[in-house]
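Visitor: the sequence and its predicted three-dimensional model are supplied below.
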Amino acid sequence: MNIFSIKATPSTPYIYFDPGTGKLEIKGRSIPENSVSFYKPLFDALDEYVKVPVTAIKVIIQLEYYNSSSSVCILNLLKKLETLKNKITDISVEWYYEEEDEDTLAAGNNFQNIIHLPFKLIKVID
């Protein structure tokens, strides 16, 4: 399976998924017109990834701004990973938030409480 990558735009985040290492990064702004269709190729890539034996996936989410429909897609992504705990032995999530961004910190806390995966909240200090 090849590396999956989407370049950032003013309304969509940079997405990078390396099946060789299991590293998945989502960074930037996520306010696409249609979040479900934007994130669908990533979900498809993950479906392909778990068809072969895999051991790890590390999710790094560093969104400076995102809309509510993107939040639902991120939650669905995390729920999908949660269902794969039996197939992937090492799953971790790193949620980055700016030091002054209480909304993103609160969202990370909410995701952490909903999803039963190793979840780290990491403060970015400028």
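Guide: Received it, and whenever you're ready, just let me know what you need.

Visitor: quick check: mean pLDDT of stretch 22-41?
Guide: Stretch 22-41 carries an average pLDDT of 96.

Visitor: buried ones in that stretch, by neighbour count?
Guide: Of all the residues in stretch 22-41, those buried under the rule 16 or more other CB atoms under 10 Å are 22, 24-32, 35, 38-39. No exception for glycine: its C-beta is placed from N, CA and C like everyone else's.

Visitor: show me how far it is from its chain's centre.
Guide: 8 Å (CA atoms, centre = their mean, to the nearest Å).

Visitor: swap in stretch 96-104?
Guide: 16 Å.

Visitor: state the mean pLDDT of it.
Guide: Across stretch 96-104, pLDDT averages out at 93.

Visitor: what sits up against it?
Guide: Contact with stretch 96-104 is made by 60-64, 105, 108, 121-126, as judged by CB atoms under 8 Å, 6 or more residues apart in numbering.

Visitor: most surrounded residue in those?
Guide: Of all these, Ile61 has the most neighbours under the rule other CB atoms under 10 Å, reaching 24 neighbours.

Visitor: export the longest strand anywhere in the chain to CSV, keeping only CA atoms.
Guide: In the chain, assigned by DSSP state E, the strand with the most residues is strand 56-66. Only the C-alpha atoms of strand 56-66 are listed here, as CSV (Å, rounded to 0.1, in the frame of the first residue of the first chain):
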residue,chain,number,x,y,z
ALA,A,56,0.6,0.0,15.0
ILE,A,57,-1.0,3.3,14.1
LYS,A,58,0.0,6.6,15.6
VAL,A,59,-2.5,9.4,15.0
ILE,A,60,-1.3,13.0,15.3
ILE,A,61,-4.0,15.7,15.1
GLN,A,62,-3.0,19.3,15.2
LEU,A,63,-5.9,21.4,13.9
GLU,A,64,-5.8,25.2,14.3
TYR,A,65,-9.5,25.5,13.4
TYR,A,66,-12.2,23.0,12.4
